[in-house]
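Peer 1: Need a 3D model of the following:
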Amino acid sequence: IENASDFVLFWSSSAKKSDWVRLELNMAFIRMLHERAIRLKVLLLDKTSLPLYLRPFQFLDVSRSSDPVMDILRRLEPALKEPVKAQRHRFLNRNRDLERIELAIDDSATSLICITGFQGIGKASLVNEAIRRFYEGSATIPIEITGGTDLAELALKINAHARKVCLSDKLSKPELKQELALGIETISKVGSFLVLKNVQYWLDEDARPTTPLVELMSIIKAVPGFKERPIFVTTTRKINTDPADADLFTQIFIDGLDPNHIATLIRLWHEITEGSEISQ
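Peer 2: Prediction:
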């Protein structure tokens, strides 16, 4: 299920009672909601009632068919051969945010796009969707920033991804800067995207950039390629930038989901995990 492009549920009285069916359906539904990376199709084998959250995914009803196997094959085989991208769902309630990212990408001065929002609101997912839409086929190099990620660890992580090399842990600070610049330039040259998640750990009390982010910004300024393929960062705090770096950044604040979407997701999640509908 983790690597699948399609999930076909054969719904029946036995399936409704099965804990294994519920578990697998739960896994598929999570992938669909969070990654928009799987197609869900429900086939009705008998007259067992279908839960409300599954009704939009009903694909075929063979409960009255005289030859259900052939009917299923006739409809299902061509459907599964369709390209996955043509069947992906619209990225939920984020079209306006994606438009703002597209404008930032088109801005010739912007080399770094900063996505700001509350923890868990979907910043990284939004970045991944933007790259998928606007740079089809491009790879991303995600780096998770924590409270302990310093210049040395950043250089190690980036070069491990970009150049497939393991740096010595005894490099001097000037050597680290040089290796960091080389790794980032490699990412730019091969057409990949560097995505740094949770850079709020690199901000001081006034939300100003500290050493790792400052060094990163100096490298970005020196590499023209980032104006065409910017670096993405996510943070829970808006970065307080120096006026001299204002043109380098485009900061985009991500709002929460529309209340109607939140209510729908909560209702679907409850029906999946609890097996019952929430009363109105």
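Peer 1: Give me the residue at the spatial middle of this structure.
Peer 2: Ser125 (2.5 Å; C-alpha atoms, centre = their mean).
Peer 1: contacts for stretch 196-216?
Peer 2: Counting by C-beta atoms under 8 Å, 6 or more residues apart in numbering, stretch 196-216 makes contact with 114, 123-124, 142-147, 149-151, 154, 177, 180, 184, 217, 231-242, all of which sit outside it. Where C-beta positions appear, they are placed from N, C-alpha and C, glycine not excepted.
Peer 1: Just the buried ones from those residues?
Peer 2: In those, burial by neighbour count holds for 114, 123-124, 142-143, 145, 149, 151, 154, 177, 180, 184, 217, 231-236, 239, 241, counting by 16 or more other C-beta atoms under 10 Å.
Peer 1: how much space between the residue nearest to the centre of the chain and Lys197?
Peer 2: Counting by C-beta to C-beta, to the nearest Å, the separation of Ser125 from Lys197 is 11 Å.
Peer 1: swap in Thr146?
Peer 2: Distance of Thr146 to Lys197, given as C-beta to C-beta: 10 Å.
Peer 1: shaky segments in the chain?
Peer 2: Along the chain, the parts satisfying pLDDT under 70 run over 33-37, 83-93, 256-265, 267-273, 275, 277, 279-280.
Peer 1: Does the residue sitting furthest away from the middle of it lie in a helix or a strand, and which?
Peer 2: With distances taken as C-alpha atoms, centre = their mean, the residue sitting farthest from the centre of the chain turns out to be Ser66, at 43.9 Å. Secondary structure here is read from DSSP states H and E; on that basis Ser66 sits in neither a helix nor a strand.
Peer 1: how near is it to Val214?
Peer 2: According to C-beta to C-beta, Ser66 stands 72 Å off from Val214.
Peer 1: Just the endpoints, please. Distance across stretch 220-231?
Peer 2: Taking C-alpha to C-alpha, to the nearest Å, the span from the opening residue of stretch 220-231 to its closing residue is 8 Å.
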